[in-house]
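Q: take a look and give me a structure for this.
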Amino acid sequence: MGIDKKTLQISTLGRFEVKRGGQKISPKDQRLGKRWRLFQVLITFKGQSLSPDQIFKYLSLEESVNPSEALKSLVFQLRKALKGINPGENREQYIICSGGTYRFNEDSNYWLDAEEFEILCKKASSRVDSSISEAISLYQKALSLYRGNFLEEVPKAYWAIYAKKHFRDLFLEIMLEANELMQNAGMHKEAWELCETGLRIVPLEEKLHTMSLKSLVDSNKLGLALIQYEEASSLFRENDLSIPKDLKKIGETLKNKLTRDNPSEEFLRKLNNHNKGNGPVVSGLEAFSVIYQVEKNRSERRKKPGFLVYLDLRGNAPPEEWERVGKQFEQTLLGSLRKGDVICKWGPHNFLTLLLNVSPEDIERIMGRLREKIPPEWKQFELDIERRLQKI
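A: Model prediction:
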């Protein structure tokens, strides 16, 4: 179903939102009253009719003086809210009351991200045997809808537990399937980016960490792979979890290979040569990984921590323009960072930086300066800087 201005657009994967014609009709501050909780319940059990007693429990209406009247009032308020900004233009009935039960009207004009997500997942799986490229494209479309776990702002709602698990399991299943297809097609960078997107949502998922490292190793980004292994190890330890065996095995292999192939004396010589200038250090991936290890060991002695910052340029620049844009951005970084900071360009529009003795607030100020320096001609590409940081 196409999305037009009359379609009720419902987002549940991540932040809950209800829109029509691009205008949000659910509360902007996310402090949802019971009428919107009722809507979430009806969407969660879409296709089912719920008795008043069930809804009383889900919304804790048993404590009301008159639960039945309280429910009728909520339904009235919700129906009114769903009509939108101009109620007279919309006569859709989104909530059906029949035989004393309540359900969401699946015949109404609506679009639900969770429903579209499932449809795209099925389509992608059905194309694997006939067209790998089409399957990958459909997987990517599906995964772009998964901006977070189902109704993530209501983590303790027992009525949503099954749906949360269902969509999270499906997300991980197709994430791994898509990654495998990309790896087999030699799309190692795309496979890595896919894993990174997934890890922002499920940061402790062992399989995603392992596949992310494999993508980097297969594309010969060993230095970056070692850095990510160290960050993953820290994450597991901070959560009182042991480092998974497969992950630990990859990490040990990386350490041995980089130590054997790249003697530390050579790295120190390169680093000393770089530091003779006044600006930040420019480094290759392998050297960057060693500098990172050194600074990580020193970090406990600093008043302010250091941060590993991933910077990615995002936008719709054509492929032939990315190299030029990436070079311009590298020059912007060189003119914006301080002596002692470290820059590593590892892709046409992908950068790693080590920013030392800074606070998160300092980093936001740096990001502000970088955005201010985006050349006017980039506006046609709708470019922006996506950043992710890890304390070292």
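
Q: residue ranges with poor pLDDT in the stretch 251-392 of the chain?
A: 259-278, 297-305 (pLDDT under 70).

Q: and the nearest residue to G279 once chain neighbours are set aside, how far from P280?
A: Using Cβ to Cβ, 6 or more residues apart in numbering and skipping the chain neighbours, the partner closest in space to G279 is L334 (5.5 Å). C-beta: built from backbone N, CA, C; applies to glycine. Note on L334: its distance to P280, by Cβ to Cβ, to the nearest Å, is 6 Å.

Q: looking at these two, which is more packed in?
A: Neighbours were counted for L334 and for P280 using other Cβ atoms under 10 Å; P280 has more, 22 against 14.

Q: if we can go back for a sec, need the overlap of contacts for L334 and P280.
A: Overlap of the contact sets of L334 and P280 (by Cβ atoms under 8 Å, 6 or more residues apart in numbering) consists of I343.

Q: show me how far stretch 132-146 is from its chain's centre.
A: Averaged C-alpha coordinates place stretch 132-146 at 15 Å from its chain's average position (Cα atoms, centre = their mean, to the nearest Å).

Q: and the contacts of that stretch?
A: For stretch 132-146, contacts defined as Cβ under 8 Å, 6+ apart pick out 13-14, 113, 116-117, 120-121, 123-125, 127-128, 167, 171, 174-175, 177-178, 181-182, 184-185, 187, 194, 197-198, 201.

Q: and if we set it to 6 Å?
A: Under the contact criterion Cβ atoms under 6 Å, 6 or more residues apart in numbering, stretch 132-146 has outside partners 13, 113, 117, 120-121, 123-124, 127-128, 171, 174, 178, 181.

Q: kindly report the same for stretch 237-249.
A: 206, 209-210, 233, 236.

Q: what do you get if the cut-off is 10 Å, keeping everything else the same?
A: In this structure, residues lying in contact with stretch 237-249 by Cβ atoms under 10 Å, 6 or more residues apart in numbering are 203-204, 206-207, 209-210, 212-214, 229, 232-236, 250-251.

Q: and the residues you listed, which are buried?
A: Neighbour-count burial (16 or more other Cβ atoms under 10 Å) is assigned, among those, to 207, 209-210, 212-214, 229, 232-233, 235-236, 250-251.

Q: quick one: the residue lying closest to G347 once chain neighbours are set aside and M182, what's the gap?
A: Distances taken as Cβ to Cβ, 6+ apart place K189 nearest to G347, at 6.5 Å, with adjacent residues excluded. Separation of K189 from M182 (Cβ to Cβ): 9 Å.

Q: overlap in contacts of those two?
A: With contacts taken as Cβ under 10 Å, 6+ apart, K189 and M182 have S215 as neighbours in common.

Q: those two: which is more packed in?
A: Per other Cβ under 10 Å, whichever of K189 and M182 has more neighbours is M182, with 24 against 18.

Q: quick check: which element contains the residue nearest to that one when sequence neighbours are not counted?
A: Nearest non-adjacent residue to M182, counting by Cβ to Cβ, 6+ apart: A191, 3.9 Å away. In this structure, A191 sits in helix 188-201 according to DSSP states H and E.

Q: which residues touch the nearest residue to R338 once chain neighbours are set aside?
A: Spatial nearest neighbour of R338, excluding adjacent residues (Cβ to Cβ, 6+ apart): P280 at 6.6 Å. By Cβ under 10 Å, 6+ apart, the contact set of P280 is 274, 333-343, 353-355.

Q: how near is E295 to I363?
A: Counting by Cβ to Cβ - E295 and I363 are separated by 15 Å.

Q: kindly report the same for N179.
A: In this structure, N179 and I363 are 30 Å apart, going by Cβ to Cβ.

Q: also E386?
A: From E386 across to I363, the span is 14 Å (Cβ to Cβ).

Q: which residues do these two both contact?
A: If you check E386 and I363 against Cβ under 10 Å, 6+ apart, no residue is contacted by both.

Q: of the two, who's got more company?
A: Taking other Cβ under 10 Å, E386 and I363 do not tie; I363 has more neighbours (16 against 10).

Q: and the helix or strand where the more buried one lies, how far out from the chain middle?
A: Counting by DSSP H and E, the element that carries I363 is helix 360-372. Mean-position distance between helix 360-372 and its chain equals 21 Å (Cα atoms, centre = their mean).

Q: list the buried ones in it?
A: 363, 366-367, 370.

Q: right, and the residue nearest to M182 touches V217 too?
A: No: between A191 and V217 there is no contact under Cβ atoms under 10 Å: 11.2 Å.

Q: of those two, who's got more company?
A: Using other Cβ under 10 Å, the more surrounded residue of A191 and V217 is A191, with 26 against 18.

Q: give me the element M211 is part of.
A: Using DSSP H and E, M211 falls within helix 206-218.

Q: show me what secondary structure element comes after that helix.
A: The helix or strand immediately downstream of helix 206-218 is helix 222-238, counting by DSSP H and E.

Q: quick check: angle from that next one to helix 188-201?
A: Angle between the axes of helix 222-238 and helix 188-201 is 20 degrees (criterion: axes from the mean of the first three to the mean of the last three Cα atoms, to 10 degrees).
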